[in-house]
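*Asks:* quick one: sequence and predicted model below, then my questions.
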Amino acid sequence: GQQLNQSPQSMFIQEGEDVSMNCTSSSIFNTWLWYKQDPGEGPVLLIALYKAGELTSNGRLTAQFGITRKDSFLNISASIPSDVGIYFCAGPQTGANNLFFGTGTRLTVIP
Amino acid sequence: DAGVIQSPRHEVTEMGQEVTLRCKPISGHDYLFWYRQTMMRGLELLIYFNNNVPIDDSGMPEDRFSAKMPNASFSTLKIQPSEPRDSAVYFCASSWGGELFFGEGSRLTVL
């Protein structure tokens, strides 16, 4: 079945540093989504990517849809304490309307 | 709109008891999803509905789990009898046009 693997599993960074995380798939996705989950909350959509090679920004966040359609990365520039949380990549199951979620990257920002 | 509303936020129960989790999706959304989140398995899709009709329940762990959506504004996930391995955070999400909006989750602890 479709699987999404994220790396790294966790990151500890100093406030102000840039962050990079990625997501790889065993199969092709036509859409890539990046969600963030704050502690004690549900995931919230950050960025959606719909075309191979697409590079999209949302404030300090930048995400790219890999050319092979089997990977995506998310960058966060100039991290701040409220960036703490778990970041998930997600993609729609082929021929269905549900989402597969990646294994998550847990980000800790040290003030 | 108030977003996806789940109740209870927290539930602690003893093994063998029946547990009912409730969800009110965002008005106008035609898809409703139930996910389970654990440290070991991440976010797993249990079941999803389209226009109140169950579409895919292949993620439901076993017969102890059941979900209903009697109308467009209400869904339940029931576990009977509950077991300690059911301890997790259960999320409800709704969507229209692709983006999933998650509730804050129901944290279940089965002793």
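*Replies:* All right, it came through fine. Numbers count the residues shown, from 1 in each chain, chains lettered A, B, ... in the order given.
*Asks:* the lowest-mean-pLDDT helix or strand in chain A and chain B in contact?
*Replies:* Of all helical and strand segments in chain A, the minimum by mean pLDDT, DSSP states H and E falls on strand A:99-101, at a mean of 88. Yes. Using Cβ under 8 Å from any Cβ of the partner chain, strand A:99-101 reaches chain B at A:99, A:100, A:101. Quick note: C-beta positions are derived from backbone N, CA and C, even for glycine.
*Asks:* pairing partners for that strand, with directions?
*Replies:* strand A:85-92 (antiparallel) (DSSP bridges).
*Asks:* quick one: contacts of the partner strand?
*Replies:* The contact list for strand A:85-92, computed with Cβ atoms under 8 Å, 6 or more residues apart in numbering or on different chains, reads A:2, A:4, A:6, A:21, A:23, A:25, A:29-39, A:43, A:46, A:72, A:74, A:98-102, A:104-107, B:43, B:98.
*Asks:* any of these buried? List them.
*Replies:* A:4, A:6, A:21, A:23, A:25, A:29, A:31-37, A:43, A:46, A:72, A:74, A:98-102, A:104-105, A:107, B:43 (16 or more other Cβ atoms under 10 Å in any protein chain shown).
*Asks:* same for whichever helix or strand comes after the least confident helix or strand of chain A, what does it pack against?
*Replies:* Downstream of strand A:99-101, the next assigned helix or strand under DSSP states H and E is strand A:105-110. Here strand A:105-110 touches strand A:10-14, strand A:19-25, strand A:85-92, going by 3 or more Cβ pairs under 8 Å, 6 or more residues apart in numbering or on different chains; DSSP states H and E.
*Asks:* okay, the second one in CSV with CA atoms only?
*Replies:* Extracted as CSV, the C-alpha positions of strand A:19-25 are listed here (Å, rounded to 0.1, in the frame of the first residue of the first chain):
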residue,chain,number,x,y,z
VAL,A,19,14.5,24.0,9.3
SER,A,20,14.2,21.5,6.5
MET,A,21,12.2,18.3,6.5
ASN,A,22,11.1,15.9,3.8
CYS,A,23,8.7,13.2,2.9
THR,A,24,9.1,10.3,0.5
SER,A,25,6.6,7.9,-0.9
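*Asks:* the very next helix or strand once past that strand pairs with which strands?
*Replies:* Moving toward the C-terminus from strand A:19-25, the first helix or strand encountered (DSSP H and E) is strand A:32-37. Partners of strand A:32-37 in the sheet, by DSSP bridges, are strand A:44-49 (antiparallel), strand A:85-92 (antiparallel).
*Asks:* state the distance from the closest residue to residue B:8 other than its chain neighbours to chain A.
*Replies:* The shortest distance from residue B:8 to any non-neighbouring residue, by Cβ to Cβ, 6 or more residues apart in numbering or on different chains, is to residue B:106 (5.9 Å). Per Cβ to the nearest Cβ, to the nearest Å, residue B:106 is found 10 Å from chain A.
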